[in-house]
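> Generate coordinates for the sequence data below:
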Amino acid sequence: MKNLKNLISLDLLKKGEKAVVRGFGKSAAGRIQLMELGLMSGTPLRLVKSAPLGDPLEIAFRGFHLSIRKDDARAVLVEKVAER
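You can find the predicted model right below:
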C-alpha cells in the first residue's frame, strides 16, 4: 500500500474528482461485496455525484455506475488522481 498520508476515504471526494482505490479500512464490512462488483485495489474511479442529502454517493468505474452508501464509502481508501 502506498504512503498512508496520501490516502483519503472515498466519501471525502468531491463531485467529478478522480481517484484510485488503494485498500479498505478495518471496518469495511461490505468489502467482499464491493470487491465482487470490481471495486478492488488499483481500480480507478470517479465520483459522479452525491444525493441531495449526501447519501448515497454515485461512483463510476469499469464502465458502469454504482451507488454506494456513505458509511461503506468511508471504509474505502483512495488516492486522488491529479487532473491534467
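> Going by C-alpha atoms from here, please, whenever you check contacts or count neighbours.
Fine.
> What sits closest to the spatially most central residue of the chain if chain neighbours are left out?
Among the residues of the chain, the smallest C-alpha distance to the mean C-alpha position (CA atoms, centre = their mean) belongs to residue 10, namely 3.8 Å. Distances taken as CA to CA, 6 or more residues apart in numbering put residue 73 closest to residue 10, at 5.1 Å, once the chain neighbours are dropped.
> wait, doesn't that neighbour sit right on residue 11?
Yes. When contacts are counted by CA atoms under 8 Å, residue 73 is listed as touching residue 11 (5.1 Å).
> and the residue nearest to residue 10, what does it touch?
Contacts of residue 73 were listed using CA atoms under 8 Å, 6 or more residues apart in numbering, and they are 9-11, 57.
> burial count for residue 6?
The criterion is other CA atoms under 10 Å. On that basis, residue 6 has 10 neighbouring residues.
> separation between the nearest residue to residue 12 once chain neighbours are set aside and residue 10?
The shortest distance from residue 12 to any non-neighbouring residue, by CA to CA, 6+ apart, is to residue 74 (7.9 Å). With distances taken as CA to CA, to the nearest Å, residue 74 is found 6 Å from residue 10.
> Show me which helix or strand of this protein is least confident by mean pLDDT.
helix 31-36 (a mean of 85; mean pLDDT, DSSP states H and E).
> pretty sure residue 72 is touching residue 30, no?
Yes. At 6.8 Å, residue 72 and residue 30 qualify as touching, with contact defined as CA under 8 Å.
> more neighbours, these two?
Shown here are residue 72 and residue 30; by other CA under 10 Å, residue 72 has more neighbours (21 against 14).
> ok, now how distant is the more buried one from residue 82?
Distance, residue 72 to residue 82, by CA to CA: 24 Å.
> on that earlier part again, between residue 73 and residue 11, which contacts overlap?
The overlap between the contact sets of residue 73 and residue 11 (CA under 8 Å, 6+ apart) consists of residue 57.
> what residues are up against residue 51?
Neighbour list for residue 51: 57-58 [criterion: CA under 8 Å, 6+ apart].
> likewise residue 40?
Applying CA under 8 Å, 6+ apart, the residues contacting residue 40 are 21-23, 34.
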